[in-house]
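J.: what follows is a predicted protein model with its sequence.
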Amino acid sequence: MTARMKVLHVGAEVFPLVKTGGLADVLGALPQALIGQGADVRLLLPGLPAIADAVLHQRNVCQIGPCFGAARVTLRLGQMPYSQVPVYVIDAPLLYRRPGSPYQASDGSEWPDNVQRFALLGWVGAQLAAGALDPAWQPEVLHAHDWHAAMACAYVAAHPPANVATVFTVHNLAYQGLFPSGDFSLLGLSSRFMASTGLEYHQQLSFMKAGLKFADRITTVSPTYAREIATHEFGFGLDGVIRGRGGDVSGVLNGVDGAVWDPSNDAGIATRYSAAELGGKLRCKAALQAELGLTVRADAPLFGVVSRLTSQKGLDLVLGALPALLKRGGQLALQGAGDPALEVAFVAAAKANPGEVAVRIGYDEAFAHRLIAGSDAILVPSRFEPCGLTQLYGLRYGTVPVVRRVGGLADTVIDAGDDALASERATGFAFDAATAAALEGAMQRAIAAYAQPARWHRLMLRGMAQDFSWGGAAWQYVALYAELVGLRGSRPA
Ligand code: ADP
Ligand code: GLC
């Protein structure tokens, strides 16, 4: 019998405990999918209050002396609620036990000690990989997610344990974890790491670069994004570093957690439905229109948005395309939070168009389900999109995606070109230029298709039949881990 491969996933947020975006959805689902593929997977998370207070059956693994400015650090091992995935929690009250976002204070400024908070996360990951903290379990693969966990790759590289490989997944290259170069002394690394071949980035310190330079392999959350980040347009200043890694960079498309996003088993929506029984979707639409104060009209094409309001998401294009949408009898329902100027602009649009535009500012997981179930189409006009999950939720819920053809959006939505609707492949509408006119064109095509119920019905059904379950992604990660472990094993001692 072959032993199960041991893999440690390191990240800063996890659904349903702490979530600011899709990273949490991934860390909430991927470990379980990997366990389903036979891997022995554990998570390592910072002891933010919502994590430290919710993880089940916690026991102390070890005390870690004062480090990274924290007087007391304890490593605990417990289980994720719902999934029972084993999870190490770093209990460091001084660094992690504070209310609000994992990354920012309530005024939107970064927590001033983020360099220490996320260096500790990476360092503990590397110590676990070295077998220094838990004699009962030592991973063969350390898999770090985004800049928050990237330092794990540098710490492993500083003292490489035998037979441990590292994988770094870029969920979003726009957030890089940049700190003043003077903070380097807090990291406990030798000066060779503060070079252009290491963490140094334009006289600053970059945690993202720690992952990009020192991980054995780099993955991104879609194949197209893996190619895009090697270009000046999408590389956020790191495209040279990415190109330098050559064939070590690849893309593995995210999946959908079917236990959370499934219209036939979603207790939070007005009426459950499935491809075989689509009547419930109409009731979800009427319920959403009523809940939002929109005119309850079955024949009005209702476009939904669930999104962070940042320039990444291209929602200013929606504001530009709105008059044309309304002229054609469409409606808009938006749930989002972020950039105050966008919040103000969408609230004003709703005020100016009562009954046809509804906007909810804030973060509301339950409402996101009702919005996606009740909308006819979901808009994701992103400037860049590493993967994107809401278009995948849309496909699953028969809510036809209208997306910009970038990153994971390009990999997951098949455009209904002029005659492709008949080609039995199309699942949505895609456009190229990041302009309101291009979005307007795609929305116009969607509205025209919507006016032909049989065509629209076929589009919905094709989307609902797509398989974006996590199994396929988990299989690809396991193959990558096996390759890396094999390479390590064949190295001369
Ligand atoms: P990103 O991670 O870049 O924000 P994704 O599409 O990968 O984009 O994931 C976003 C996740 O966050 C989805 O699960 C989406 O439903 C959720 N989400 C985003 N904004 C909101 C909001 N205002 N309320 C509820 N859920 C939201
Ligand atoms: C990031 C990206 C998003 C991706 C998510 C999960 O937040 O912006 O495109 O789906 O990570 O990988």
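T.: Alright, I've got the coordinates. Ligands and ions are numbered 1, 2, ... in the order given.
J.: what's the burial count for residue 16?
T.: Neighbour count for residue 16, taken as other CB atoms under 10 Å: 16. All C-beta spots, glycine's among them, are computed from the backbone N, C-alpha and C.
J.: touching, residue 290 and residue 284? I think so.
T.: No. The pair residue 290 and residue 284 does not pass the contact test of CB atoms under 8 Å, sitting 10.8 Å apart.
J.: the two: who's more crowded?
T.: More neighbours surround residue 284 than the other of residue 290 and residue 284, with 26 against 13 (other CB under 10 Å).
J.: enumerate the beta-bridge partners assigned to the residue lying closest to residue 441 once chain neighbours are set aside.
T.: Of all residues not flanking residue 441 in the chain, residue 431 sits nearest, at 6.1 Å (CB to CB, 6 or more residues apart in numbering). Note on residue 431: beta-bridge partners by DSSP bridges are residue 404.
J.: okay, residue 431: pLDDT?
T.: We note a pLDDT of 97 for residue 431 in this prediction.
J.: what parts of the chain come near ligand 1?
T.: Neighbours of ligand 1 within the chain, by CB under 6 Å from any ligand atom: 21-22, 25, 306-308, 335-337, 363-365, 368, 387-390.
J.: so what sits opposite residue 201 in the bridge?
T.: With DSSP bridges as the rule, residue 201 is bridged to residue 204.
J.: number of residues surrounding it?
T.: Counted with other CB under 10 Å, residue 201 comes out at 19.
J.: for it, give me its contacts.
T.: By CB atoms under 8 Å, 6 or more residues apart in numbering, the residues touching residue 201 are 176, 178, 209, 237-238.
J.: tell me the buried residues in stretch 168-178?
T.: 168-173, 175-178 (16 or more other CB atoms under 10 Å).
J.: up against ligand 2, what does the stretch 1-150 of the chain have?
T.: 21-23, 26.
J.: could you single out the nearest of those to residue 244?
T.: Checking these against residue 244 with CB to CB, the nearest one is residue 23 at 24.9 Å.
J.: any idea how far that closest one is from residue 43?
T.: Per CB to CB, to the nearest Å, residue 23 is found 13 Å from residue 43.
J.: ditto for residue 429
T.: The gap separating residue 429 from residue 43 is 37 Å, by CB to CB.
J.: rewinding a little: what is the burial count for the residue nearest to residue 441?
T.: Residue 431, neighbours per other CB under 10 Å, totals 21.
J.: ok, the one 4 residues further on next?
T.: Burial of residue 435 is recorded as 16 neighbouring residues (other CB under 10 Å).
J.: contacting residues for it?
T.: 317, 320.
J.: swap the cut-off to 10 Å and go again
T.: 314, 317, 320-321, 381, 404, 441 (CB atoms under 10 Å, 6 or more residues apart in numbering).
J.: select only the buried ones of the residues you listed in ChimeraX?
T.: Paste this into ChimeraX to select the buried members of these, with burial taken from 16+ other CB under 10 Å:
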select :314,317,321,381,404,441
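J.: between the contacts of residue 435, which sits nearest ligand 1?
T.: Of all the contacts of residue 435, ligand 1 sits closest to residue 314, with 11.7 Å by CB to the nearest ligand atom.
J.: who are the contact partners of that closest one?
T.: Applying CB under 10 Å, 6+ apart, one finds that residue 314 lies in contact with 307, 379-385, 403-404, 406, 434-436, 439.
J.: how near is it to residue 172?
T.: Relative to residue 172, and taking CB to CB, residue 314 is found at 15 Å.
J.: same question for residue 275.
T.: Separation of residue 275 from residue 172 (CB to CB) stands at 32 Å.
J.: sorry, back to before: widest-spaced pair of the buried residues of stretch 168-178?
T.: Pairwise distances among these were taken by CB to CB; the largest, 19.1 Å, belongs to 169 and 178.
J.: before we move on, the earlier item: adding distance to residue 121, pLDDT and secondary structure, write the contacts of residue 435 out as TSV.
T.: As requested, the contacts of residue 435 are arranged in TSV below (distance: CB to CB, whole Å; pLDDT from 0 to 100; DSSP: H, G, I helix; E, B strand; the rest coil):
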residue	distance to residue 121	pLDDT	secondary structure
314	31	98	coil
317	36	98	helix
320	40	98	helix
321	41	98	helix
381	33	98	coil
404	33	98	strand
441	44	97	helix
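J.: redo the contacts of residue 435 as JSON lines? Include distance to residue 469.
T.: Putting the contacts of residue 435 into JSON lines (distance: CB to CB, whole Å) gives the following:
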{"residue": "314", "distance to residue 469": "28"}
{"residue": "317", "distance to residue 469": "31"}
{"residue": "320", "distance to residue 469": "36"}
{"residue": "321", "distance to residue 469": "33"}
{"residue": "381", "distance to residue 469": "26"}
{"residue": "404", "distance to residue 469": "25"}
{"residue": "441", "distance to residue 469": "32"}
